[in-house]
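Undergrad: the sequence and its predicted three-dimensional model are supplied below.
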Amino acid sequence: MKKYFDKVFFKSALIIATPIVLQQLVSSLAQLIDNLMVGSINGQAIAGVGAVNSIFFVLMTASFGISEGASIFIAQQYGAGKKEKIANSLAISITIILIIAGIALTIINIYDEQFIKLFINDVDSNSLAALEYGMKYLNVLVWGYWIMMLNNVLGSSFRAVGNTKIPMAAGMIAVITNTCLNLILIPKFGVEGAAFATVCSRIIEFAILFVILKRVQTVFVFGLKSFTTVKLAQVKQITKKMMPLTLNECLWGLGTSTLMALYGARSINDLASIQITYTIANLLFVAMAGFGVAVSVLIGQKLGQGNFEEAIENSKKLLALGSIVGLVFLVIAQIISFIIPLLYGNVDPIIQVQSANLLRIIGLVYPVYIITVTFFFTLRAGGDTVGVLIMDAGTVWLLSIPVGFILVNYTSAPIYLIFIGVQSFEIFKMLIGFYRYRKNNWVQNIV
């Protein structure tokens, strides 16, 4: 086992992961600032904005599935030196994203109130206030969400070829812009100001990524020709791998939003507590996103080159690194939990206490999370998208949601026990990932 704790390899993984971690960290800090500034209005504003974010979270996960499905091919095509195919893969993913965004955002805009009511029951004055805040936030944000989906595609494509600095820089500029606009707009326009700031910042991010894609870098030889030279066989090949991954991301996102609705079914305080907990927990989850990118690049490119043994060795070294990172995060989460009352002094003390305790519970699960992430991205890098679908969305819908529904509707269990019951299935997810990993179906060249 000692041979898998390779310092030189760990350094190369960190070089790839660090830019995306920094980007996601800054993004999460901006989200935290958003949350704090919205929280300065009241707890109902946090709940309303959180409900809208849960709606769009499903759409965003769909875009992740599409962009990451294409990135499986881009990573291996880059390893094989096939530039034209890289551009074609990007063109296919952009086309699919635009079609889905157009349909989904139109539906959300028409049935906005009905969607928000899935998370907020208008049974009292607090719920009605939260619903009103949610409506105001959604009606602005819906017009800019297709830009965010395109940013996912472009950023994922850069990362697939190991260039994590470009999306990091664009993301950080967008976050700084968002934060500055929040400071100006939220005090004057409330939640609508927060939504407008988000849309403006993501437009800037898109402009930066697109200009660099067209005029600076040399990997993506991308233009109108990239759309017209796409072969039907390539579309079929990509969509065959993309569909299970996109279905997984959609089902996982929908499942996560369903769990949010279950958590908040009893009270607005529970919903607000969950929103605060995940906003802060994301400060650590971002490192897992960076770690996942490192897994995709260090394994995907080796598979594209046909170096299967080296890909397997890399995966084992990444599992060893993940085990260390997970334990570190466990400790950090326990420490961070004590600062929640200081950050959210304007919200109900009950929400403060619940949020801190829920973060401590998440912290205990971090070691399992990161091992699961390693299995997930390893399987995905080799195109085992069916395995990814089974371990991720399958676990959520067949285990987590049914148990959460029973605990919420047929017991008097407090939010802590409900949360523990749901989170416990992360262990089962990890075991499924381990089983698929050991079968070695992911050890293949798909380009």
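TA: Arrived safely.
Undergrad: need the residues that contact stretch 351-365.
TA: Contacting residues not belonging to stretch 351-365 are listed as 43, 269-270, 272-274, 276-277, 280-281, 329-334, 336-338, 340-341, 344, 415-416, 419-420, 423, 426 [Cβ atoms under 8 Å, 6 or more residues apart in numbering]. In short, each C-beta sits where N, CA and C put it, glycine included.
Undergrad: narrow those to those that are buried.
TA: Using 16 or more other Cβ atoms under 10 Å as the burial test, these include 43, 269-270, 272-274, 276-277, 280-281, 329-330, 333, 336-337, 340, 344, 415, 419, 423, 426 as buried.
Undergrad: which of the residues you listed fall within strands?
TA: The members of those all map outside strands under DSSP state E.
Undergrad: now, which of the contacts of stretch 351-365 lie within helices?
TA: Counted as lying in helices by DSSP state H, out of these, are 43, 269-270, 272-274, 276-277, 280-281, 329-334, 336, 340-341, 415-416, 419-420, 423, 426.
Undergrad: so which residues of the stretch 301-447 of the chain form helices?
TA: 308-336, 340-343, 349-381, 385-389, 395, 401-410, 415-423, 425-439 (DSSP state H, counting those that start in this stretch).
Undergrad: what's the answer for the stretch 1-150 of the chain, then?
TA: Here the stretch 1-150 of the chain has its helices, by DSSP H, counting those that start in this stretch, at 7-39, 43-80, 83-110, 112-116, 125-141, 145-160.
Undergrad: next, the contact list for the residue most central in space within the chain, please.
TA: Nearest to the mean C-alpha position of the chain, by Cα atoms, centre = their mean, lies Thr61 at 6.7 Å. By Cβ under 8 Å, 6+ apart, the contact list for Thr61 reads 249-250, 252-254, 256.
Undergrad: could you identify which of the residues you listed has the most neighbours?
TA: Within those, most neighbours by other Cβ atoms under 10 Å means Glu249, with 25 neighbours.
Undergrad: my guess is that residue contacts Phe64, does it?
TA: Yes. Taking contacts as Cβ atoms under 8 Å, Glu249 lies within contact range of Phe64: 5.1 Å.
Undergrad: give me the buried positions along stretch 356-371.
TA: Residues of stretch 356-371 classed as buried: 356-360, 362-363, 365-371 (neighbour count, 16+ other Cβ under 10 Å).
Undergrad: let me fix that, I meant to ask about stretch 341-350.
TA: Buried, per 16+ other Cβ under 10 Å, within stretch 341-350: 343-344, 347.
Undergrad: using CSV, list the CA coordinates for it.
TA: Extracted in CSV, the C-alpha atoms of stretch 341-350 (Å, rounded to 0.1, in the frame of the first residue of the first chain):
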residue,chain,number,x,y,z
PRO,A,341,-23.8,31.7,15.0
LEU,A,342,-21.2,34.4,14.4
LEU,A,343,-22.0,34.5,10.7
TYR,A,344,-25.8,34.4,10.9
GLY,A,345,-26.5,36.6,13.9
ASN,A,346,-29.7,38.0,12.3
VAL,A,347,-31.5,34.7,11.9
ASP,A,348,-33.5,32.7,14.5
PRO,A,349,-31.2,31.1,17.2
ILE,A,350,-32.9,27.7,16.4
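Undergrad: pull the distance from that stretch to the chain's centre.
TA: Chain-centre distance of stretch 341-350: 27 Å, with Cα atoms, centre = their mean, to the nearest Å.
Undergrad: now do that stretch, average pLDDT.
TA: Averaging pLDDT along stretch 341-350 yields 76.
Undergrad: so Gly162 is in contact with Ser296, correct?
TA: No. If you go by Cβ under 8 Å, Gly162 and Ser296 don't touch, sitting 9.6 Å apart.
Undergrad: no more questions from me, cheers.
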